[in-house]
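Q: Turn this into a model:
(chains A and B)
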Amino acid sequence: MASKQGLIAPRLPRGFEDRTSADIAATNEMIAKIREVYERYGFDPVETPFFEYTETLGKFLPDADRPNQGVFSLQDDDEAWMSLRYDLTAPLARHFAENFETLPKPYRTYRQGYVFRNEKPGPGRFRQFMQFDADTVGAAGPEADAEMCMMMADTMDALGLAGKYVVRVNNRKVLDGLMSWIGLGGPNGTTPQLDAKRLAVMRVLDKYDRLGVPGVKALLEQGRTDESGDFSPGAGLDWDQVSRILWFLTIRSEDYAVTESSRAAFNPILRLKPDGGGFFESDLLSAFENAYGSDAVFLEGVCEFRAMESMIEAAGYGDGRIRIDPSVVRGLEYYTGPVFEIELTFPVTNDKGQQVVFGSVGGGGRYDGLVSRFRKEPVPATGFSIGVSRLAHALKLTGLLGNEQPTGPVVVCVMDKDQKAGYQKMVAELRAAGIRAEMYLGNPKNVGRQFAYADQRNSPAVIIEGTQEREQGIIQIKDLIAGKQASRAITDNEQWKSERPGQFECRRDELVARISELPAVAAQVKKRG
RNA sequence: GCCGCCUUAGCUCAGUUGGUUAGAGCGCUAGAUUGUGGAUCUAGAGGUCCUCCGUUCAAUCCGGAGAGGCGGUACCA
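A: The predicted structure is shown next:
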């Protein structure tokens, strides 16, 4: 869209965002905290590029010779398709397979960076956003999965979210058992109709936390009409199948409220419901076994749950931070065992004051098949991802993430145009002491303008050395923060100017020492290391 | 993708039953104040009323199409 006079209208592409210094500071703080936890767990960083060959990402459309619409793609000189990465897992699989001979195994690694998805943006959903992943490649046992869950919990705690999230855990093998139990079992590819139906049911399970029992029931049967009047077709199951699924989904949610021992948190003990109806099994996993325990794949899943449980409890995480939740499904493509998801447990209100369903801010699981696309031998892997942009968005909306502009530089005012060398010397002294500082580079025609500039930069102080000061060998330091506080009591401009709130004088050679004493400067120096 | 609502100044929003010069608050610029950021006062700049097509003597307003925004829903690695 060209504006008048042929000028180009400056427009941000939809789904993308510019980040201010305040945003960057907040994000960096989050990243540093996450990194510290991952490194403490023994993970090392690796970085892969934004672009990969599209076949690496596995996102070619099945019927056409071009990439999926959801990814940003372009063709190289030799017509090979390249795509912007849409997650950090597929590139890791490529990196691992390509460097198989030299990497330590198990390979424990973390990486953080932007990923891109070419799809409709939503609240907290952008087309470019940051993820922070950790993965263990080459470890098949549930210890690795249990560790992922604990590390997610530690990360959320480190971000100051203790008690405000839950890591929900499920297992694909248990879900497969559920499919058998309702007559939709069997390996993939038996018949296309069966695969489609299984897929449809899994998608509905994933919506349980959002739509609840009535919504899930409608979608499993005839279909559902949403708030805008749009209709989604149902999976067409019969009542027997639907009631078994609902039992499976609600088995844990019914008794969140009645669990109090720490052991019960991961694997809740079932009780009779207050009305006397319902459950009699002693715990969730036994309940699963009693319901459809003959299925071999399912039994494997329960074994993995039990192994994870013993480690999670022994390590002290059995206090409710990590919980079994049968409604966790995650992506349909590559997960093969345990799957996890981090959910925020507090309400999120958007800029317009509406309560928004925020959903998951991270998740992952075991993907034993992903590396096999590149190598013949089986390579088990498990990992998870935190949506940094998404989490930051949620925290900002909730006021849990600071949005303050970082402290600006000390501004040395230009009082006499022929003294710029002297002002620059002051700046150099401050910088040598690790203090952010600059000489005012705009039009110095009046001091007020220079102060206003410093104010806008959120500067801690300005330095004033006019002819009078220079002749006496002194300088004026104006503490802008103290001055701002004092200004609240002053309404008269004459008084404001004559009182010079926050201002004091000192000898020229005390510049660095006196500036360093200002609390805002000290805090900044400390923060910058 | 599908459904609904919305789009007027940099921002938040009034307004015109279709009629000459479309307004407010905040913000911005300048001045009161050429050595003091805030506050106050004064003045000023800033609009193809989202775009295109149609109806009309006349469209920011009515009709159609499109774009963008928001919300829901679908898909989701």
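
Q: could you measure the closest residue in space to residue A:12 that isn't next to it in sequence against residue A:24, distance?
A: In this structure, residue A:12 finds its nearest non-sequential neighbour in residue A:18, 6.4 Å apart by C-beta to C-beta, 6 or more residues apart in numbering. Where you see a C-beta, it was placed from the backbone N, CA and C, and this is true even at glycine. Distance of residue A:18 to residue A:24, computed by C-beta to C-beta, to the nearest Å: 10 Å.

Q: the more surrounded of these two?
A: Per other C-beta atoms under 10 Å, whichever of residue A:18 and residue A:24 has more neighbours is residue A:24, with 11 against 6.

Q: that's a strand at that one, yeah?
A: No: according to DSSP: H, G, I helix; E, B strand; the rest coil, residue A:24 belongs to no strand; its state is helix.

Q: give me every residue that touches it.
A: Residue A:24 makes contact with no residue, according to C-beta atoms under 8 Å, 6 or more residues apart in numbering.

Q: And what about the residue in the stretch 201-350 of chain A positioned nearest to RNA strand B, helix, strand or coil?
A: Proximity of the stretch 201-350 of chain A to RNA strand B (C-beta to the nearest atom of the strand) peaks at residue A:331, 1.6 Å away. Following three-state DSSP, the label given to residue A:331 is coil.

Q: What of residue A:145?
A: Here residue A:145 is recorded as helix under three-state DSSP.

Q: Now it: closest residue in space, sequence neighbours ignored.
A: Leaving aside its sequence neighbours, residue A:145 sits nearest to residue A:338 (C-beta to C-beta, 6+ apart; 4.2 Å).

Q: Read off the pLDDT value for the one you found.
A: Note on residue A:338: pLDDT of 95.

Q: Same question for residue A:350.
A: pLDDT at residue A:350 comes out at 65.

Q: what's the answer for residue A:87, then?
A: 92.

Q: I'd say it and residue A:129 touch.
A: No: in terms of C-beta atoms under 8 Å, residue A:87 does not count as a neighbour of residue A:129; the distance is 10.6 Å.

Q: Please identify which of those two sits among more neighbours.
A: Using other C-beta under 10 Å as the criterion, residue A:87 and residue A:129 rank with residue A:129 on top: 21 against 15.

Q: in the stretch 251-400 of chain A, which spans are helices?
A: A:263-266, A:284-292, A:296-314, A:388-398 (DSSP state H, counting those that start in this stretch).

Q: before we move on, back to that, report the beta-bridge partners for the residue nearest to residue A:145.
A: Note on residue A:338: beta-bridge partners residue A:171, judged by DSSP bridges.

Q: what about it, neighbour count?
A: Residue A:338 - counted by other C-beta under 10 Å - has 27 other residues nearby.

Q: Name all residues that make contact with it.
A: A:142, A:145, A:169-172, A:304-305, A:308, A:365-366, A:382.

Q: Try it again at 6 Å.
A: Going by C-beta atoms under 6 Å, 6 or more residues apart in numbering, residue A:338 touches A:145, A:171, A:365-366.

Q: Residue A:361 too?
A: By C-beta under 6 Å, 6+ apart, the residues touching residue A:361 are A:342, A:387, A:390-391.

Q: Let's see if you can find the most crowded of those.
A: The member of these that has the most neighbours, counting by other C-beta under 10 Å, is residue A:391 with 29 neighbours.

Q: That residue - nearest residue in space that isn't next to it in sequence?
A: Leaving aside its sequence neighbours, residue A:391 sits nearest to residue A:361 (C-beta to C-beta, 6+ apart; 4.4 Å).

Q: Could you check how far that neighbour is from residue A:25?
A: Taken as C-beta to C-beta, the span from residue A:361 to residue A:25 is 20 Å.

Q: wait, isn't residue A:71 in contact with residue A:82?
A: No: counting by C-beta atoms under 6 Å, residue A:71 does not reach residue A:82; the two are 10.1 Å apart.

Q: Which positions in the helix or strand residue A:33 falls within come out as buried?
A: In the assignment (DSSP states H and E), residue A:33 maps to helix A:21-40. Across helix A:21-40, burial judged by 16 or more other C-beta atoms under 10 Å covers A:23, A:25-27, A:30-31, A:34-35, A:37-38.

Q: Can you verify residue A:481 is assigned to a strand?
A: No: counting by three-state DSSP, residue A:481 is not part of a strand but helix.

Q: What's the local residue count around it?
A: Around residue A:481 there are 17 residues (other C-beta under 10 Å).

Q: Contact partners for it?
A: Residue A:481 neighbours (C-beta under 6 Å, 6+ apart): residue A:520.

Q: What distance do you get for it to RNA strand B?
A: 6 Å (C-beta to the nearest atom of the strand, to the nearest Å).

Q: For residue A:511, give me its contacts.
A: Neighbour list for residue A:511: residue A:426 [criterion: C-beta under 6 Å, 6+ apart].

Q: Which of the three states applies to it?
A: Look at residue A:511: counting by three-state DSSP, its state is helix.

Q: Any idea which of the contacts of residue A:361 the model trusts least?
A: residue A:390 (85).

Q: For RNA strand B, see how far away that one is.
A: For residue A:390, the distance to RNA strand B - C-beta to the nearest atom of the strand - is 11 Å.

Q: before we move on, what about residue A:172?
A: Residue A:172 is 12 Å from RNA strand B, by C-beta to the nearest atom of the strand.

Q: what's the pLDDT at that residue?
A: With respect to pLDDT, residue A:172 scores 91.

Q: Leaving out the residues flanking it, which one is nearest to it?
A: Nearest one to residue A:172, counting by C-beta to C-beta, 6+ apart, is residue A:335 at 5.4 Å.

Q: so what's residue A:504 up against?
A: Residue A:504 touches residue A:477, counting by C-beta under 6 Å, 6+ apart.

Q: Swap in 8 Å and give it another go.
A: Residue A:504 neighbours (C-beta under 8 Å, 6+ apart): A:476-477, A:479, A:514.

Q: same check, this time on residue A:219
A: Residue A:219 neighbours (C-beta under 8 Å, 6+ apart): A:204, A:207, A:211, A:232, A:234-235.

Q: Over to residue A:151?
A: Contacts of residue A:151 by C-beta under 8 Å, 6+ apart are A:37-38, A:41, A:134, A:384.

Q: Could you say which helix or strand holds it?
A: Going by DSSP H and E, residue A:151 is in helix A:142-158.

Q: re earlier: any chance of the contacts of residue A:361 in TSV, plus distance to residue A:502?
A: Below are the contacts of residue A:361 laid out as TSV (distance: C-beta to C-beta, whole Å):
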residue	distance to residue A:502
A:342	45
A:387	42
A:390	41
A:391	38
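
Q: So which residues on the stretch 351-500 of chain A come close to RNA strand B?
A: A:352, A:354, A:356-357, A:415, A:445-449, A:451-452, A:454-455, A:464, A:466-469, A:476, A:478, A:480-481, A:483-484, A:486-487, A:490-493, A:496-497, A:500 (C-beta under 7 Å from any atom of the strand).

Q: any idea of the mean pLDDT for stretch A:105-118?
A: Over the span of stretch A:105-118, the pLDDT mean works out to 94.

Q: Residue A:416 reaches residue A:469, doesn't it?
A: No: with contacts counted by C-beta under 8 Å, residue A:416 stays clear of residue A:469, the gap being 10.3 Å.
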